[in-house]
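Trainee: Turn this into a structure:
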Amino acid sequence: DGSQILGMMVGHQTRVAVGFLLGMCFVVGTKSWVEKHEDLKFGNLTGKDLRKVFLMVAVMTLHSFTEGLGIGVAFTGKDGAHLGAFITASLAMHNV
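Mentor: Down below sits the predicted model:
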């Protein structure tokens with residue numbers, strides 16, 4: 001069981017693996033970018049402290065964006081209102 005992407009059948013394992021790899025690329029790429037900018041300053045934060053905060057904010061922003069996409073997609077389709085409400089409540093509990 002899977003879905004079609006660009007006319008090709010793509011299984012669940014492939015989608016999970018691609019999502020995992022894209023997420024890892026985002027984290028590694030963001031970390032690499034931040035490490036190249038040693039002179040970053042924001043308020044009292046500088047150096048490694050600022051890099052940690054920036055990386056955490058970037059990852060949480062991506063995480064929240066994908067949760068929002070999931071909620072939006074859940075509201076579409078045949079039983080969108082019920083599934084959307086269920087997914088919204090599930091993610092709300094997940095974030096507590």
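Trainee: Report the separation between the residue of the chain positioned farthest from its centre and Ile71.
Mentor: Within the chain, the residue lying farthest from the chain centre (C-alpha atoms, centre = their mean) is Asn44, at 28.2 Å. Using C-beta to C-beta, to the nearest Å, we find Asn44 at a distance of 36 Å from Ile71. Using the backbone N, CA and C atoms, a C-beta is placed for each residue, glycine as well.
Trainee: Remind me which helix or strand Gly72 belongs to.
Mentor: Here Gly72 sits within helix 47-74, counting by DSSP states H and E.
Trainee: Now the element after that helix, going C-ward?
Mentor: Per DSSP H and E, the first helix or strand lying C-terminal to helix 47-74 is helix 80-94.
Trainee: Show me what that following helix is packed up against.
Mentor: Under the contact definition 3 or more C-beta pairs under 8 Å, 6 or more residues apart in numbering; DSSP states H and E, helix 80-94 sits against helix 47-74.
Trainee: what inclination does the helix it packs on have with respect to helix 80-94?
Mentor: Following axes from the mean of the first three to the mean of the last three C-alpha atoms, to 10 degrees, one obtains 160 degrees for the angle between helix 47-74 and helix 80-94.
Trainee: okay, now Ala85: neighbour count?
Mentor: Burial measure for Ala85: 13 neighbouring residues, criterion other C-beta atoms under 10 Å.
Trainee: Can you pull the poorly scored residue ranges out of the chain?
Mentor: The chain contains residues with pLDDT under 70 at 1-2.
Trainee: Kindly provide the distance from Gly68 to Ala74.
Mentor: Distance, Gly68 to Ala74, by C-beta to C-beta: 11 Å.
Trainee: Which one of those two is surrounded by more residues?
Mentor: Each of Gly68 and Ala74 had its neighbours counted (other C-beta under 10 Å), and the higher figure belongs to Ala74 (20 against 11).
Trainee: I figured that one hits Leu91, correct?
Mentor: No. Contact between Ala74 and Leu91 fails when scored by C-beta atoms under 8 Å: they sit 9.2 Å apart.
Trainee: center of this structure - which residue?
Mentor: His63 (3.2 Å).
Trainee: What's the separation between that residue and Gly7?
Mentor: The span separating His63 from Gly7 equals 30 Å under the rule C-beta to C-beta.
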